[in-house]
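Novice: build me a structure from this.
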Amino acid sequence: MGVYHIENTSIFESTISKAGSRPVIADFFAVWCGPCQQIAPLFEQLSNKYINIQFVKVDVDKLSDVAQKQGVTAMPTFYVYLNGTKVDSLKGADSTGLEAMIKKWSENAPKMETRVPGQLDLISFINKTQIECLNEDDNSNLKNLIDGVGDLLSDCDEQLIISLPFTQPVKIHSIYMKGKDGSAPKTVKIFTNLANILDFDRASNAETVQTISFSEKALNLNQLYALHLSLYLLTFLVFCVLVKEGELVNLRYVKFQNVKNVQIFVENNQGQVSTTCIEKLHLYGTPLAATNMQDFKRVSGKVGEVGH
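Specialist: So this is what the prediction gives:
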């Protein structure tokens, strides 16, 4: 599933606590440590094999306070956390012991749940060190959105270009967005496997892999009521479907089979206002290397329902 590099103490604590019953394995390493560098490729490989475990790395020199608090005395040290508590450990670059420990906790971990049956939340496969967003607000930016700690707001006008590189090739099945009031996204254009990030002129004119109008799906959901509602009330209901619950849209799956990066161009928003707000963004699919997708189940609710 990819390895997430912890950048500060608060993110470490948040990652451990929010994981709940999903095991988190942390690799406490040092850049100058030979054994750490030796076992790092295996740690990366295992993260793609045991996809119901969250893998993180902690640089003990950059986050010495975290290392000290966790009792790290040698590198590399691997700790397993469950429900916010340290439950297992391994010291040294023991490749056999590392996989055995990870396999044990993977077999006992709960099955991963997403909004889409048989599909994973691909946000976990994004290379967070290389994400980029054009026209984002400095304080409400893409990093906050991906980390789940805040919204993404546009800055100078309503448009956004979101660039998301993956840690490994993936197949994308669907996209989920949740916005806020009239600033929720409306027209969204999706591009894949581009060598460079688009600018706004190119994004407006280039051929897309798929263009989505989020309001159309919302209108379809409410079309049975259209004859009995005023235009004002119908518009209000459209906003409710997109804003209150978010909207899940299936993509043309055959066109998203070997995706290394995706760029999302938000062209306008529901209310034609100057600022676009994205509260939630999720891509659902599977990594090409993943297996046993039948073991993953959806969250409670009926097929086709959108969560929050």
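Novice: by mean pLDDT, point me to the weakest helix or strand of the protein.
Specialist: strand 297-298 (a mean of 38; mean pLDDT, DSSP states H and E).
Novice: need the contact list for residue 186.
Specialist: 213-215, 267-270 (C-beta atoms under 8 Å, 6 or more residues apart in numbering). In short, each C-beta sits where N, CA and C put it, glycine included.
Novice: closest to residue 191 among those residues?
Specialist: Minimum distance to residue 191 across the contacts of residue 186 is 12.4 Å, recorded for residue 267 (C-beta to C-beta).
Novice: count of neighbours near the nearest residue to that closest one once chain neighbours are set aside?
Specialist: Nearest residue to residue 267, sequence neighbours excluded (C-beta to C-beta, 6 or more residues apart in numbering): residue 187, at 4.2 Å. By other C-beta atoms under 10 Å, 17 other residues sit near residue 187.
Novice: any idea where the helices of this protein begin and end?
Specialist: 9-18, 34-49, 64-69, 95-108, 142-147, 200-205, 214-221, 231-240 (DSSP state H).
Novice: switch the ones you listed over to TSV; also include mean pLDDT and mean neighbour count.
Specialist: Formatted as TSV, these follow (pLDDT from 0 to 100; neighbours: other C-beta atoms under 10 Å):
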stretch	mean pLDDT	mean neighbour count
helix 9-18	91	15
helix 34-49	92	16
helix 64-69	96	14
helix 95-108	93	15
helix 142-147	92	18
helix 200-205	95	13
helix 214-221	46	17
helix 231-240	42	14
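Novice: out of those helices, which comes closest to residue 281?
Specialist: Closest among the helices of the chain, using C-beta to C-beta: helix 142-147, at 6.0 Å.
Novice: which parts of the stretch 151-300 of the chain are strands?
Specialist: Using DSSP state E, counting those that start in this stretch, the strands of the stretch 151-300 of the chain run over residues 152-153, 160-179, 187-192, 210-213, 247-250, 259-266, 277-287, 297-298.
Novice: so what touches the first one?
Specialist: The one in question is strand 152-153. So strand 152-153 is in contact with 133, 136-137, 140-142, 144-145, 160, 162, 275-278, 281, going by C-beta under 8 Å, 6+ apart.
Novice: what is the most widely separated pair among those?
Specialist: Once C-beta to C-beta is applied, the contacts of strand 152-153 give 275 and 281 as the farthest pair, at 16.3 Å.
Novice: and the two? Which one has more around it.
Specialist: More neighbours surround residue 281 than the other of residue 275 and residue 281, with 20 against 17 (other C-beta under 10 Å).
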